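Trainee: predicted model, plus sequence, below.
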Amino acid sequence: MNDQNQNNNDNNSNKNIAVYNDNSNNNKNNNGGDKPIIGENNGNVVKYNADNNTVRKINLPNKLTIFRIILVPVIMIFVLIPENDIFPPTWCKIFAAALFLIASLTDLIDGLIARKMHLMTDFGALMDPLADKFLVIGAMFAITAANSYEGIKWLTVWVTTIIFFRELAVTSVRLVAKSSDGNVIAANFAGKFKTFSQCVCVMTILLEDMVITSNINTPDYLFSYITMAIMLVLTVYSGFVYFKTYWKYIDPAK
C-alpha cells in the first residue's frame, strides 16, 4: 500500500515538472530573441527565460549614464542655434545650461545608486567616465564653434584640444588595462575632481554674461578665464596621475 502511494506521489510530482530544455529554434520569437518558456510548478504557471545565464546590464545607474550621453547632442544644438525670433540667444543659453546641469547631476546620482544598491557593473565603470567626457568635450566644442562666445574662442580652442587629447590618452590606458588583465579602471578621485571643475567651467561660460557680468561690473569672461585655468590644471594633473598609476600596462621597456 505504501509502495502504491509512493508511486502515485512520484507520478503527480512528475506532472508538475516542466521541461525547459527546448531546442534553440523553438526558443526564438519572431524578432530573433529568446522568448520566455511557460511551464508549471506545483500547479502555478511560471515563466523562465530560455537563457538562464542572461544578466540584465541595463540597471538604473546604467540607464542614467545612457541618458547623459543622449543629452549631449541636445545641449550642443541649443548652444549652436543661431540667433532667431523663435529661440532667442538668452533662452538658448538657459536651456543649454539647464540640460547640462541635469546631465551633470545624473553623474552624481548614478554613482550613489550603484554603490548603495550594489549595482556596480563593468559597463558602468567603463561608460560612466566616458559619458562625462562626451558631455564636457561636446559642450566645449559647441562653445568654441558658437558665435556667441567669440570673445574667448582663441582660448577655448586650445583648452578643448588639450581636454580632447588628455581624455583620448586616458581612455586608451583604460582599454589597454582591460585587454591586459580584464580589469576595468574606474575613475579615481583626481578624475572626479577634474570632471567637477570642467562642469563648473562650462556652466560659467554659458551663464556668466547673463548672471555675473550684467549684474556686477567685471571684465568680460573674467570668471570663465579663471575656471578654465583651474580646469586645465586639474585636467593635466589627473591625466598625469592616471599614467603614473597604470604605467605598468604601457611601459615601453617591457
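Mentor: Cool, the structure landed.

Trainee: this protein: helices as residue ranges?
Mentor: Secondary structure of the chain (DSSP state H): helices at 2-15, 60-80, 89-116, 122-145, 153-181, 189-208, 222-245.

Trainee: in CSV, list these along with mean pLDDT.
Mentor: Converted to CSV, the helices of the chain look like this (pLDDT from 0 to 100):
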stretch, mean pLDDT
helix 2-15, 51
helix 60-80, 94
helix 89-116, 90
helix 122-145, 89
helix 153-181, 86
helix 189-208, 90
helix 222-245, 91
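
Trainee: let me have the ones you listed in a markdown table, extended by mean neighbour count.
Mentor: Backbone N, C-alpha and C define where each C-beta goes, glycine included. Below are these laid out as a markdown table (neighbours: other CB atoms under 10 Å):
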| stretch | mean neighbour count |
| --- | --- |
| helix 2-15 | 9 |
| helix 60-80 | 18 |
| helix 89-116 | 18 |
| helix 122-145 | 21 |
| helix 153-181 | 15 |
| helix 189-208 | 21 |
| helix 222-245 | 17 |
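
Trainee: mind putting the ones you listed in CSV, distance to residue 215 included?
Mentor: What follows is these, written out as CSV (distance: least, CB to CB, whole Å):
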stretch, distance to residue 215
helix 2-15, 79
helix 60-80, 22
helix 89-116, 14
helix 122-145, 22
helix 153-181, 23
helix 189-208, 11
helix 222-245, 12
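
Trainee: so residue 65 touches residue 108, yeah?
Mentor: No - applying CB atoms under 8 Å, one finds residue 65 not in contact with residue 108, separated by 11.9 Å.

Trainee: for residue 80, give me its contacts.
Mentor: Counting by CB atoms under 8 Å, 6 or more residues apart in numbering, residue 80 touches 142, 145, 146.

Trainee: and of these, the nearest to residue 209?
Mentor: residue 146 (12.5 Å; CB to CB).

Trainee: phi, psi of the closest one?
Mentor: Main-chain torsions, residue 146, degrees, to the nearest 10: phi -70, psi 150.

Trainee: and it, how many neighbours?
Mentor: 22 (other CB atoms under 10 Å).

Trainee: for residue 162, see how far away it is.
Mentor: In this structure, residue 146 and residue 162 are 19 Å apart, going by CB to CB, to the nearest Å.

Trainee: got it, and residue 243?
Mentor: The spacing between residue 243 and residue 162, counted by CB to CB, is 15 Å.

Trainee: ok, now residue 70?
Mentor: The gap separating residue 70 from residue 162 is 26 Å, by CB to CB.

Trainee: again, but for residue 228
Mentor: The spacing between residue 228 and residue 162, counted by CB to CB, is 10 Å.

Trainee: could you list the domains of this structure?
Mentor: In terms of domains, the chain is parsed into 2-48, 60-249 (source: automatic domain parsing).
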